[in-house]
Every structure is written in structure tokens, then in C-alpha cells.
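# Here is my input, please return the structure:
(chains A and B)
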Number of protein chains: 2
Amino acid sequence: MMTQTSDIRPPVAVVEWVGGASDGFPRLLDQTRLPTETTFLDCRSREDVFDAILRLVVRGAPAIGVAAGYGMVVGSRVISDDANLATELETLGKYLESSRPTAVNLSWAVRRVLKRAKSTDGDAAAVREAMLDEARAIHAEDEQMCLAIGKHAEKLIAPGMGVLTHCNAGALATAGIGTATAGMYVAHAMGRKFTVYCDETRPLLQGSRLTAWELQQAGVNAVVITDNMAAQVMKEGRVQLVITGADRIAANGDAANKIGTYGVAVLAARHKIPFYIAAPYSTFDLSLQSGEEIPIEQRGSEEITRGFGRRTAPEGIATYSPAFDVTPVELIQGIITDRGILQPVNEETIQGIMG
Amino acid sequence: MMTQTSDIRPPVAVVEWVGGASDGFPRLLDQTRLPTETTFLDCRSREDVFDAILRLVVRGAPAIGVAAGYGMVVGSRVISDDANLATELETLGKYLESSRPTAVNLSWAVRRVLKRAKSTDGDAAAVREAMLDEARAIHAEDEQMCLAIGKHAEKLIAPGMGVLTHCNAGALATAGIGTATAGMYVAHAMGRKFTVYCDETRPLLQGSRLTAWELQQAGVNAVVITDNMAAQVMKEGRVQLVITGADRIAANGDAANKIGTYGVAVLAARHKIPFYIAAPYSTFDLSLQSGEEIPIEQRGSEEITRGFGRRTAPEGIATYSPAFDVTPVELIQGIITDRGILQPVNEETIQGIMG
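Next up, the predicted model:
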């Protein structure tokens, strides 16, 4: 029996609004406590929301956007000055945006809620109702985006398959069922049995800490491997499909994602395993001709030398720590978007889906 | 000015005999304290040696062999019963062998010292002198083996090069300058400047904890990267040569080594970077037709889920943890042995060097 896809929920609510516009607040899963503790943080003020975004209680571009949208509502509650409402809201927006200045979705969500506020007639209470409505819309759209990706992606997952993923492009990074994980949750809801190999994803271990945790919560058969085991796992014939997320995709299809993704794609090619990217169509940045234009951020040394409490490299040793890499389009079998699967991936098919 | 190769010493004495046959003992670098503390352990009894091998104070097949040889000498000191000397020594040998039953070099060294004892006429003191002489010979041969590999390997390291290595096939695993690292120490002693990228090598982090440490001690420019950064580092053109060790090499040239080595070889091939194995000729096991006959040991889950002291994966999660992988011969540019560099690697050239 097919499950209704509308029943497919994320394994845990990463962000939800509790209560009404006048008394409610966003409740966030505290991801800093995972995988050992499942606790939620109620953000009852703008400062609470700011702090939660800053401390990575909530993470992943879509999830941050949704949290910030709700943050505008809860943060506006202290504004009693109807005369200066617009100015006060602008100040609130700038404040929330400054919690993680490089997060594009954060700013986008804040601006969207502000625009709705400006176009609303009435007192502060009416404006707040409208803002909550807009924040809920952002939330619902994110859920729909994930579900749309999932419905396309599940077709790639056959019974008994091994699927490898890298980092966390999961439910924990969105307000829905994730991007790379979306097809897994849909296939699982349809009763299909398969195994997901989660690369632990050094240096920050999002694969073992987050992806393995959320799949386990949902009852999906997840197996953690260290990054350097992926080649052997593929060689042993345990993997028939790779799906990862992407942070940015250039006009030619080159895709930037968490460090290690490119290596996985090279290994998949060697073992003739199809390598797919799952990402909303909004991930395409057509202003970039190719991946070569994507700058690679460097991370600090301590994440490598002192990743998890104790020092694992000598004092004073040099490190090199690119945060991202770019997978060239020739290694990408297809890109699973909310608008369908791009396959083959090239400028034409990308233009087609973006048009 | 060329340095005399006889002057090339390991950065630290992993194992050394202190004193004479009647009062001396092996002093071991305590590798369990690296990379944060450099301490030495004096093994004044058979129990001390047993415990040091068991606890991985000393590790790496050649280094364990040398330590065990010296362990026979220090362990024999309590034997005063000349009449039953042979029986007592046999008991001692079996005891030391049981500290790490799968370590072939351990058993080999113990048997060699025992054989020397049996062929020696005289009292216990004379036998002990002979055993120390044999243990020193094992030690010296290991140093010579490393140096021979190093003299061949240094020719591959050009000024300004980036050399990538995986795990620790270094001085810390031998009683000399290591195998994969040997060419680096020789080139460094000759005044050549180059950079060594050390894969951290999850799950046990031998690359960041050990290889980076010993290269740093010697003043070699070492850079630690996480395993999943190797692909990007290669793509950026930072690496021109890969050298790793091997645990076992089959008759066709397939080489078993620490998990992750195979992946590195695939990445090197993609980037047209020559991939070399450095290992003594004794690593060849001609009873194995190919790498497919090499069994892959599985390791425990905790090394992945709790590798850095605190839990980094959810309670109850499945893991898959192959300890080794096999690099097929077609990915191996050459094998650097103490008898010269095999290149190309095939059954003929291997037979040639083993003959």
C-alpha cells in the first residue's frame, strides 16, 4: 500500500511555531546537543533567536531561513510603538541578519517577512499576524520543496540498494525531509528496504553526528563509515547510488559542496556508481560560468587538530583545510531538483529547468 | 654538500638497548602518549616488554620485532637454572609471542634469537651475550633496510614537491627511518625542501598523531589534512607524488595497506600523480596470487563512534569498519624496496627482485 506523500514527515521537527501570533514562539531542535541528547530550545525573544542561529542550534540554509522568519514574529512582540513600527521592524531585521551574515537564506527570509509587514494595513497586532502568516508560508514552501525532491529521488532507490551520502543535506538542514535525504524518507515511507552509508565527514562529522542520527530516528537502516572507507565499501559492491547535497551549482553544472564530495564523485566514477546531487533549483547560480569561479573558504586549524575535545595532532603542526570542493559536471550523473531530475546535466538542461 | 647517508638517523629512537647483556634493558618511545607527550618506557622485565607490545607502546611490524628481540634478552635474566635454560627460553619466547599473536615479525624475531641461543655453547651469561648480539643484528638490519629504501626513494622527491602519505609507515613503525618516510628523511638530510601532506587516517589517526609528529621532529615541512581533503589538495596541484607503506603485497603486485590507501590511489590516478608503495622485499607474499586472496579484517565500532574521546555518532548506530584495503597493481606506479624500485610492477619484475 502506498503511503500518502502528504503523510511523509521529517523524523523530528527541526523548527516549529508554538502558539499564536501574540503569544507564540519558535521551538528549535538543539543540534549542538546531537547525537547524544535530543532537546528543544524555545526562543521567546529576538535575542534567543539570534543566539540560536549564532550557536548553530539551527543550521542549514533552509532551516535558518524558516527560524529567522519566525524570529521576526517573536522579536516584534516588544514593539508597542505603532507609529515607528516600520523602523523598529527594520532594526529587528538587521539584528537577526547579523547573527550569520553570510547565510543568504536568512537575509532572504527576513526581507520577505519585512515586505509582507510593510504591505499590511493595521496595528502592530495585525502586522504580526501577517508576518506569522508569511513565516508559515516560507516554512510550508520549504517542506514542499523537500517533498518534491523526494518524490523525484525515490525512483532512483531500488529495494536492497546501498546508497552513500556525504555530510548532512538532511532533514536537519531544512524544515522538511531534507534534500539528499528526501528520496530516502519517501522510499522508506513506501516500505522499501535499503541501506544508507553515511560518510562521517571530517572535520565536523556532520555525517556521523547528524545524518546517521536523523536516519536512525526515522528507522532507516544507516551505517556510519569513516570518509576513507568509501572506496573499499564501493569496491565490495555495497553501494549502487550516491546522493549528496550542494551549496551552489554553476551554470555549467559544476557543484560546490562540503569538502570530500569531489573525492566521493571520483570514487563513484571509478566504480561505475551513479553520482547524483539533490538540491532545490534555487541552488543554481547562473552568474557563475563554471565551478572555477567558486571561491573555496579555508577553515581554522583546530577543527583538524582538536576536533572533538582532545588534541590529535602535534602542537604547532601546519594544516590545510578547504571547507568545500567543486565536483565537475562530468562526474555528475544527474541533479535532483524540486522541478525534476536534470539528466544529462549541461547548460541546456539547466537553462530549461530555470526558465 | 651531500650528507653521509650513514648520518641519517630517525628523528627519535623508537627502541634502543641501554646497558650491557647482564644489566641492560630496551627503552621504548611510548607511542600511546603521542603526539602530546614524548616519554620513554624502560622495560626491565619480560612482563614490561609483554605489556608494552600489548598496549601498543611500540607498534609497526619491524619495531615490534626489534623490541621482542631485546625482550628475549631482558626476559632471560631471571633464568638462573642452566640445566633447563633451553626450556625456560622457549617458555619466555612463547610468552612474548602471545602479546600480539598476529604480528609475524614478533614471532620471527623471537625464533631467530632462540635459534641463536640454542646454537651457543656456554652458561646462561654467554647465551645472553649471544642473544643480545642477535637482537642487535635484527635492529641493525632493520635500520639498513630503511636506509636502503630511503636511498632509492629520495630520487623521486624533487625540490618544491608536495608528497602525500597515508597512515604511518614511518620511523615510528620501524627501528630506522621508516619505509614510506625513508625517502623523505634522506631527501631532507640532503637539504632538499618539500612538503609532506599527511592524511590524518581515521579511525585511529596515525597520520595526524604519528606521521605528522615524527616529520615535525625531524624538521620536515608537514601539513595535516583530513582524509576527505586529499582529492581537493590534488586537484589544486599541491601534490606531485604519493608514497604509502604496505602490509602485504601479492605475487601480482596488489598491495594491502591501511584503509583509505586504495581511495588515495584512485584519486592519484585521476590527477595523474604517480602512486608508489615503499616496503621491504619481505612484504611480498608470493603464496598469494592476487590481492583478492587477502582477507580484510573488520574493526570494532567504537573506533568510529567514539574515536576522539567523546561520542560522535548516535548510540546503537551500525558501522562498517574494514581495517585494510587492497590497491590493485594497475594503480601502482612502482614499489620502492630495499633492493631497488620495481617499475613497472608485474609478476616478472617481482620474481626478479625476489629471486
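
# give me every residue that touches A:Val15.
Counting by CB atoms under 8 Å, 6 or more residues apart in numbering or on different chains, A:Val15 makes contact with A:26-29, A:58, A:63, A:66-67, A:70, A:139, A:175. For glycine as for every other residue, the C-beta is placed from the backbone atoms N, C-alpha and C.

# Could you do A:Leu205 as well?
Taking CB under 8 Å, 6+ apart as the test, what A:Leu205 contacts is A:307-308, B:312-313.

# Please apply the same query to A:Val264.
For A:Val264, counting by CB under 8 Å, 6+ apart, the contacting residues are A:164, A:166, A:199, A:230, A:242, A:244, A:275, B:228.

# hmm, back to that, ok, and the most crowded of the contacts of A:Leu205?
Using other CB atoms under 10 Å in any protein chain shown as the neighbour criterion, B:Ala313 leads the contacts of A:Leu205 with 29 neighbours.

# For A:Ser107, give me phi and psi.
A:Ser107 adopts backbone torsions of phi -60, psi -40, taken as degrees, to the nearest 10.

# I'd like the distance between it and chain B.
For A:Ser107, the distance to chain B (CB to the nearest CB, to the nearest Å) stands at 28 Å.

# Pretty sure that residue sits against A:Glu97.
Yes - when contacts are counted by CB atoms under 8 Å, A:Ser107 is listed as touching A:Glu97 (5.1 Å).

# Quick one, which of the contacts of A:Leu205 has the minimum pLDDT?
Least confident of the contacts of A:Leu205 in the model: A:Phe308, at 80.

# Now that one: closest residue in space that isn't a chain neighbour?
B:Phe308 (3.2 Å; CB to CB, 6 or more residues apart in numbering or on different chains).

# Check which helix or strand the one you found maps to.
For B:Phe308, there is no host helix or strand (DSSP states H and E).

# same deal with the one 5 residues further on?
Under the criterion DSSP H and E, no helix or strand holds B:Ala313.

# What sits closest to A:Gln116 if chain neighbours are left out?
No, residue A:116 isn't Gln; it's Arg. That would be A:Glu134: by CB to CB, 6+ apart, it lies 4.0 Å from A:Arg116.

# Distance of the one you found relative to B:Leu29?
Distance, A:Glu134 to B:Leu29, by CB to CB, to the nearest Å: 64 Å.

# before we move on, back to that, just curious, which of the contacts of A:Val15 is nearest to chain B?
A:Leu29 (13.9 Å; CB to the nearest CB).

# Counting neighbours, what do you get for the closest one?
Residues near A:Leu29, counting by other CB under 10 Å, number 23.

# what's the answer for A:Pro10, then?
A:Pro10: 23 surrounding residues under other CB under 10 Å.

# Got the phi and psi for A:Tyr276?
phi -120, psi 150.

# does the residue in the stretch 1-150 of chain A that chain B sits nearest to count as helix, strand or coil?
Among all residues of the stretch 1-150 of chain A, A:Pro35 sits closest to chain B, at 3.9 Å; criterion: CB to the nearest CB. The three-state assignment at A:Pro35 reads coil, by DSSP: H, G, I helix; E, B strand; the rest coil.

# List the contacts of it.
Applying CB under 8 Å, 6+ apart to A:Pro35 gives the contacts A:208-210, A:212-213, B:311-315, B:317.

# just to revisit the earlier point, as TSV, the contacts of A:Leu205 with distance to A:Leu331 would be great.
Compiled in TSV, the contacts of A:Leu205 are given as follows (distance: CB to CB, whole Å):
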residue	distance to A:Leu331
A:Gly307	28
A:Phe308	31
B:Thr312	29
B:Ala313	28
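
# Return the closest of these with respect to B:Val220.
Nearest to B:Val220 among those is A:Gly307, at 23.5 Å by CB to CB.

# Ramachandran angles for the closest one?
Dihedral angles for A:Gly307 - degrees, to the nearest 10 - are phi -60, psi -40.

# Below-threshold pLDDT in the stretch 1-150 of chain A: ranges please.
A:1-6 (pLDDT under 70).

# Write out the residues of it neighbouring chain B.
A:34-36 (CB under 8 Å from any CB of the partner chain).

# would TSV of the residues you listed with distance to A:Ala124 be doable?
Formatted as TSV, the residues of the stretch 1-150 of chain A next to chain B follow (distance: CB to CB, whole Å):
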residue	distance to A:Ala124
A:Leu34	37
A:Pro35	41
A:Thr36	41
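
# Closest one of those residues to A:Val223?
Nearest to A:Val223 among those: A:Pro35, at 14.6 Å, using CB to CB.

# returning to that earlier point: which among the contacts of A:Pro35 count as buried?
A:208-210, A:212-213, B:311-314, B:317 (16 or more other CB atoms under 10 Å in any protein chain shown).

# Just the ones in helices from those residues, please.
Using DSSP state H, the subset of the buried ones among the contacts of A:Pro35 located in helices is A:212-213.

# And the furthest pair within the buried ones among the contacts of A:Pro35?
Greatest spacing in the buried ones among the contacts of A:Pro35, by CB to CB: A:Leu210 and B:Arg311 (13.4 Å).

# And the helices in the stretch 51-200 of chain A, which stretches?
A:61-75, A:85-97, A:104-118, A:124-153, A:182-189 (DSSP state H, counting those that start in this stretch).
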